[in-house]
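> Need a 3D model of the following:
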Amino acid sequence: MRPRPIRPNIYLPVVRFGVVSSDWKFVLAATLAGYTIPFLFGLKLWSVPLELWTGLTAAAASIAFFNYARIGRRPYWLQHRLRAMVENPRSRRALPCDLSGKPKRRWIITQ
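Okay, here's the model as predicted:
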């Protein structure tokens, strides 16, 4: 049998409406929150239940946000951006080279 070529896209994530499959849980959570909050309070707009409008708006807004955060940017751009907003840029984990500049004991003993 001759060897078959491997498909190059087999390791890429599944994308629907421009949103990666791992981000759909956040889209569904925003949609569910946008639907249930007006439903619990019984809100209406022009005698139409408000949960219809807010559910669709929350779904569209979250899909648009994840498209904005993903398309044309490097992988994990959003995670790095949020981390940069929260943490101090001078604080970081210790690296192995940090200890090489400071010996644990003096190598010359002075009297």
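
> C-alpha from now on. contacts and neighbour counts both.
Noted.

> distance between the top helix by length along the chain and the chain's centre?
The longest helix of the chain (DSSP state H) is helix 50-70. Centroid separation for helix 50-70 versus its chain: 16 Å, with C-alpha atoms, centre = their mean, to the nearest Å.

> So which elements touch that helix?
strand 19-20, helix 24-41, helix 77-86 (3 or more C-alpha pairs under 8 Å, 6 or more residues apart in numbering; DSSP states H and E).

> Check the average confidence over it, would you?
The predicted model gives helix 50-70 an average pLDDT of 90.

> between it and helix 24-41, how big is the angle?
Regarding helix 50-70 and helix 24-41, their directions subtend 160 degrees when assessed with axes from the mean of the first three to the mean of the last three C-alpha atoms, to 10 degrees.

> What does the pLDDT read for F26?
91.

> ok, it - how many residues close by?
Other residues lying near F26 total 14 when counted by other C-alpha atoms under 10 Å.

> and it, how far is that from V20?
According to C-alpha to C-alpha, to the nearest Å, F26 and V20 sit 11 Å apart.

> Identify the contacts common to the two.
Shared contacts of F26 and V20 (C-alpha atoms under 8 Å, 6 or more residues apart in numbering): none.

> one step back: export the longest helix of the chain to CSV, keeping only CA atoms.
What follows is helix 50-70, C-alpha atoms only, in CSV (Å, rounded to 0.1, in the frame of the first residue of the first chain):
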residue,chain,number,x,y,z
LEU,A,50,-37.9,41.1,27.0
GLU,A,51,-36.0,37.7,27.2
LEU,A,52,-36.4,37.2,23.5
TRP,A,53,-34.5,40.5,22.8
THR,A,54,-31.9,40.1,25.5
GLY,A,55,-31.2,36.4,24.7
LEU,A,56,-30.5,37.1,21.1
THR,A,57,-28.6,40.3,21.8
ALA,A,58,-26.4,38.5,24.4
ALA,A,59,-25.7,35.7,21.9
ALA,A,60,-24.8,38.1,19.1
ALA,A,61,-22.6,40.2,21.4
SER,A,62,-20.7,37.3,22.8
ILE,A,63,-20.1,35.8,19.3
ALA,A,64,-19.0,39.2,18.1
PHE,A,65,-16.6,39.5,21.1
PHE,A,66,-15.0,36.1,20.5
ASN,A,67,-14.6,36.9,16.8
TYR,A,68,-12.9,40.1,17.7
ALA,A,69,-10.6,38.4,20.2
ARG,A,70,-9.6,35.6,17.8
